[in-house]
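In: Generate coordinates for the sequence data below:
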Amino acid sequence: MIREFDGDFGKVERAKYALLWFSSPGCPPCRMIEPFMHELSEEYKEVEFWEVDVEKHLPLAEKFDVMNVPTLIYLKEGNEIARQNLVRKKEEVEEKLMMLLGSDS
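Out: Next up, the predicted model:
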């Protein structure tokens with residue numbers, strides 16, 4: 001399940017693992033990756049997926065220096081572990097999710 005970011009970053013920080021998906025409603029690449037982002041959110045239930053509309057939450061985009069969308073930021077306990085820009089394939093995201101989950105070892 002992908003949650004819509006509501007402005008409360010504390011919820012994101014409390015998650016052991018989180019993925020921030022910075023997007024914009026008028027962004028074709030954002031819409032292109034949407035189907036597999038939903039699939040991955042169901043497959044990786046230990047990761048909280050948050051879609052962040054940059055038009056509504058510009059301060060958070062600025063905090064993370066997001067310069068374009070879609071941008072994916074992988075967090076562990078509120079700290080950035082990795083990021084991706086210009087995502088095109090499900091496998092690219094899956095690779096980072098496995099790295100995120102393996103960051104405990």
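In: Just the CA atoms of stretch 3-12, as PDB, please.
Out: Extracted in PDB, the C-alpha atoms of stretch 3-12 (Å, rounded to 0.1, in the frame of the first residue of the first chain):
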ATOM      1  CA  ARG A   3       0.400   6.100   1.600                       C
ATOM      2  CA  GLU A   4      -0.100   9.700   0.500                       C
ATOM      3  CA  PHE A   5       2.200  12.000   2.500                       C
ATOM      4  CA  ASP A   6       0.200  14.400   4.600                       C
ATOM      5  CA  GLY A   7       2.900  16.700   5.900                       C
ATOM      6  CA  ASP A   8       3.700  14.800   9.100                       C
ATOM      7  CA  PHE A   9       7.300  13.700   8.600                       C
ATOM      8  CA  GLY A  10       7.300  12.100  12.100                       C
ATOM      9  CA  LYS A  11       5.300   9.200  10.700                       C
ATOM     10  CA  VAL A  12       8.000   8.600   8.100                       C
END
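In: Report the distance from that stretch to the chain centre.
Out: 12 Å (CA atoms, centre = their mean, to the nearest Å).
In: got the buried residues for it?
Out: Across stretch 3-12, burial judged by 16 or more other CB atoms under 10 Å covers Phe5, Phe9, Val12. (Glycine included, C-beta is placed from N, CA and C.)
In: Could you identify the longest helix within this protein?
Out: Assignment by DSSP state H gives helix 28-43 as the longest helix of the chain.
In: Let me see the contact set for the residue positioned nearest the centre of the chain.
Out: Centroid-nearest residue in the chain: Leu20, 2.5 Å away (criterion: CA atoms, centre = their mean). The contact partners of Leu20, by CB atoms under 8 Å, 6 or more residues apart in numbering, come to Phe5, Val12, Trp50, Val52, Leu60, Phe64, Leu72, Ile73, Leu75.
In: So it, which state does it fall into?
Out: Classification of Leu20 using DSSP: H, G, I helix; E, B strand; the rest coil returns strand.
In: Now for the residue nearest to it when sequence neighbours are not counted, which secondary structure element holds it?
Out: Among residues not flanking Leu20 along the chain, Ile73 sits closest, at 4.4 Å (CB to CB, 6 or more residues apart in numbering). Using DSSP states H and E, Ile73 sits within strand 71-76.
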